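Novice: model this:
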Amino acid sequence: MRVWLRRQVYRALTSTDRRERRRKRAEAKRQRLGEPHHVHYFHRPADPVCALMAPLAAALCDRFDIELTVHLAAPPAADVNPDPDRLPGHARRDSAALAGQYDLPFIDPGHEPDAELAARAARIIASALGNGDAIQAATATGEALWRRDEAGMTAAAAGFGEASEKVTVQATERGTALRDQLGHFQSGTLYYAGEWYWGADRLHYLETRLAELGASRTSEAPASLAPPLLESQASGDCDGAVLDIYPSLRSPYTYLAMERAFALADRWNARAEIRFVLPMVMRSLPVPRRKGVYFMLDAKREAERLGLPFGDVCDPLGRPTERGLAVLHHAMQQGEAEGRAFLLSFLRGVWAEGIDAGSDRGLRRLVERAGLDWDAAKAALEDESWREVAEANRERLLGLDLWGVPSFHTGEVAVWGQDRLWQIEDELSRQAVPRAMELRQ
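Specialist: All right, here's what the predicted structure looks like:
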């Protein structure tokens, strides 16, 4: 009964019909009250995600008839930030990659911004809150901060003013409290009528929503910042280069990535190496409810964009994941094809088909449709050697300065996220070119 009830909760949470009804109610209420399209933006000067989002939010005001309110926000709390030492460097590198892809003004300086300049940026933005200039102040101070341009920061202070430390702290506390109340945990986020948009590559969802509501100021469609889809026609010979794939059976994003990751490896003649790890929560890394809810809702809209079924979920937390990893380890020992087949079967089963991998009936279904023998797989459940493999993979992942899943590594590139596979494709393409040139010589 508990498994059935949890399935119903997930189905309700990710229901497309329920989302559309909620949107219609929000829009009807807005029109009834005569209110504008009100978008909240949560900003933290030292967050590189905000270095991209501030100018994009400013441009959003030009393209759409919206009222934008800027809020200062504190860093994520400890319960939603499982690896605070690695997060800043990863955020800088990832933001720099997105900036290069979308032609946005950010370059990773290779270090964190100056703390005093970041504090001054916050004071300048606090001064501009409430007078309509806050997003301009956030953009100007962001440019100066990441370039370590003290003259530029002074110019921003002259133009927007500079609040006291007390006023800035109070503004940050208010913004953080509102962010938490509305249900998120990060800066670089936009909130509109019940839904969140985190980072530059989720902004297109908000733009589409506003356009459908008739809020566009222009008939010209904005350039999409959606994560690039993989070039299904692109291929090459990487001569068996290795693509390390770090999946977790309890990660909805792993499910969204796996078929594309394997297809990517095949197209570029790279060997896909599955390096499974335990879910974060089973590695003593917390995933609080507000974080889990956002990820489920984001995974749903990403699944729709990718054309994948999603939402009939039977959460494999705990024993189901352990059973799944035991069988996955067994399947991988049978061969690469067997490992792939079971991983895909398990992920689709628990994230899109509501199959209970914690029961013998459910696991047998996942095993047999992957072409594996159930008796052998059932016997493999007694083999605990997968735990040592998972721990070795975790150490290897941390060595790449990554900790989340799914992550991918090949050549000189290591990325985290199903929406970063385009970077892996770029690297495989780079690896294939020299060999292709050698063959022509």
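Novice: Mind jotting down where the strands sit in the stretch 251-400 of the chain?
Specialist: 270-274 (DSSP state E, counting those that start in this stretch).
Novice: so where's it shaky on pLDDT?
Specialist: 281-287 (pLDDT under 70).
Novice: Where do the helices of the stretch 151-300 of the chain begin and end?
Specialist: In the stretch 151-300 of the chain, the helices defined using DSSP state H, counting those that start in this stretch lie at 165-182, 203-212, 252-267, 289-306.
Novice: Among these, pick out the one with the most neighbours on average.
Specialist: Greatest average neighbour count among the helices of the stretch 151-300 of the chain goes to helix 252-267 (a mean of 22), per mean count of other Cβ atoms under 10 Å. No exception for glycine: its C-beta is placed from N, CA and C like everyone else's.
Novice: ok, and the closest non-adjacent residue to residue 150?
Specialist: residue 117 (6.9 Å; Cβ to Cβ, 6 or more residues apart in numbering).
Novice: Kindly provide the distance from the one you found to residue 42.
Specialist: 20 Å (Cβ to Cβ, to the nearest Å).
Novice: before we move on, what about residue 359?
Specialist: Distance from residue 359 to residue 42, by Cβ to Cβ: 42 Å.
Novice: What of residue 314?
Specialist: Residue 314 is 33 Å from residue 42, by Cβ to Cβ.
Novice: coming back round to it: more crowded one of residue 117 and residue 42?
Specialist: residue 42 (27 against 21; other Cβ atoms under 10 Å).
Novice: For the more buried one, give me its contacts.
Specialist: 71, 72, 73, 175, 179, 184, 186, 187, 188, 189, 190, 191 (Cβ atoms under 8 Å, 6 or more residues apart in numbering).
Novice: what's the neighbour count on the third one?
Specialist: Neighbour count of residue 73, defined by other Cβ under 10 Å: 28.
Novice: Next one: it from residue 2, what distance?
Specialist: Taken as Cβ to Cβ, the span from residue 73 to residue 2 is 36 Å.
Novice: what's the answer for the first one, then?
Specialist: Here the criterion is Cβ to Cβ. By it, residue 71 lies 39 Å from residue 2.
Novice: Ok, the fourth one next?
Specialist: From residue 175 over to residue 2 the distance is 38 Å, taken as Cβ to Cβ.
Novice: Confirm residue 409 sits in a strand?
Specialist: Yes - counting by DSSP: H, G, I helix; E, B strand; the rest coil, residue 409 falls inside a strand.
Novice: Not counting sequence-adjacent ones, nearest residue to it?
Specialist: Residue 409's closest residue in space is residue 244 (Cβ to Cβ, 6+ apart), at 4.3 Å.
Novice: Is that neighbour bridged to anything, and to what?
Specialist: Residues in a beta bridge with residue 244, per DSSP bridges, are residue 273, residue 409.
Novice: dump the residue contacts of it.
Specialist: So residue 244 contacts 273, 275, 396, 408, 409, 410 (Cβ under 8 Å, 6+ apart).
Novice: coming back round to it: looking at residue 71 and residue 2, which has the bigger crowd around it?
Specialist: residue 71 (23 against 6).
Novice: Spatially nearest residue to that one (excluding sequence neighbours)?
Specialist: residue 175 (3.2 Å).
Novice: Wait, the one you found touches residue 73, no?
Specialist: Yes - in this structure residue 175 lies within contact range of residue 73 using Cβ atoms under 8 Å: 4.7 Å.
Novice: Mind listing the shared neighbours of these two?
Specialist: In contact with both residue 175 and residue 73: 42, 43, using Cβ under 8 Å, 6+ apart.
Novice: average pLDDT across stretch 135-148?
Specialist: Per-residue pLDDT values over stretch 135-148 give a mean of 97.
Novice: residues of that stretch that come out buried?
Specialist: 135-147 (16 or more other Cβ atoms under 10 Å).
Novice: Return the alpha-carbon coordinates of that stretch using PDB.
Specialist: The C-alpha coordinates for stretch 135-148 follow below in PDB (Å, rounded to 0.1, in the frame of the first residue of the first chain):
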ATOM      1  CA  ILE A 135      18.500  44.600 -12.300                       C
ATOM      2  CA  GLN A 136      20.700  47.200 -13.900                       C
ATOM      3  CA  ALA A 137      22.700  47.400 -10.700                       C
ATOM      4  CA  ALA A 138      23.000  43.600 -10.600                       C
ATOM      5  CA  THR A 139      24.300  43.500 -14.100                       C
ATOM      6  CA  ALA A 140      26.800  46.400 -13.700                       C
ATOM      7  CA  THR A 141      28.200  45.100 -10.500                       C
ATOM      8  CA  GLY A 142      28.400  41.500 -11.800                       C
ATOM      9  CA  GLU A 143      30.600  42.700 -14.700                       C
ATOM     10  CA  ALA A 144      32.900  44.600 -12.400                       C
ATOM     11  CA  LEU A 145      33.000  41.900  -9.800                       C
ATOM     12  CA  TRP A 146      34.200  39.000 -12.100                       C
ATOM     13  CA  ARG A 147      36.700  41.300 -13.900                       C
ATOM     14  CA  ARG A 148      37.900  42.500 -10.500                       C
END
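Novice: gap between that stretch and the chain center?
Specialist: 24 Å (Cα atoms, centre = their mean, to the nearest Å).
Novice: what sits up against it?
Specialist: 41, 43, 45-46, 48, 50-51, 54-55, 57-58, 61, 68, 70, 105-107, 109, 113-114, 117-118, 120-121, 124-125, 127-128, 149-150, 152-153, 155-156, 159-160.
Novice: give me that answer again for 6 Å
Specialist: Contacts with stretch 135-148, where a contact means Cβ atoms under 6 Å, 6 or more residues apart in numbering, come from 43, 45, 51, 54-55, 57-58, 68, 70, 113-114, 117, 121, 124-125, 128, 152-153, 156, 160.
Novice: One more: stretch 107-120?
Specialist: 45, 46, 88, 92, 93, 96, 145, 148, 153.
Novice: Check stretch 262-282 too.
Specialist: 230, 235-238, 240-248, 250, 287, 325, 328, 339-340, 390, 393-394, 425, 428.
Novice: And the buried ones among these, selectable in PyMOL?
Specialist: Those of the contacts of stretch 262-282 that count as buried under 16+ other Cβ under 10 Å are selected in PyMOL with:
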select buried, resi 230+236+238+241+243+244+245+246+247+248+250+287+325+328+339+340+390+393+394+425+428
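Novice: still on that earlier bit, now go through the contacts of residue 42 and say which are in strands.
Specialist: Using DSSP state E, the subset of these located in strands is 71, 72, 189, 190, 191.
Novice: This completes my enquiry, with thanks.
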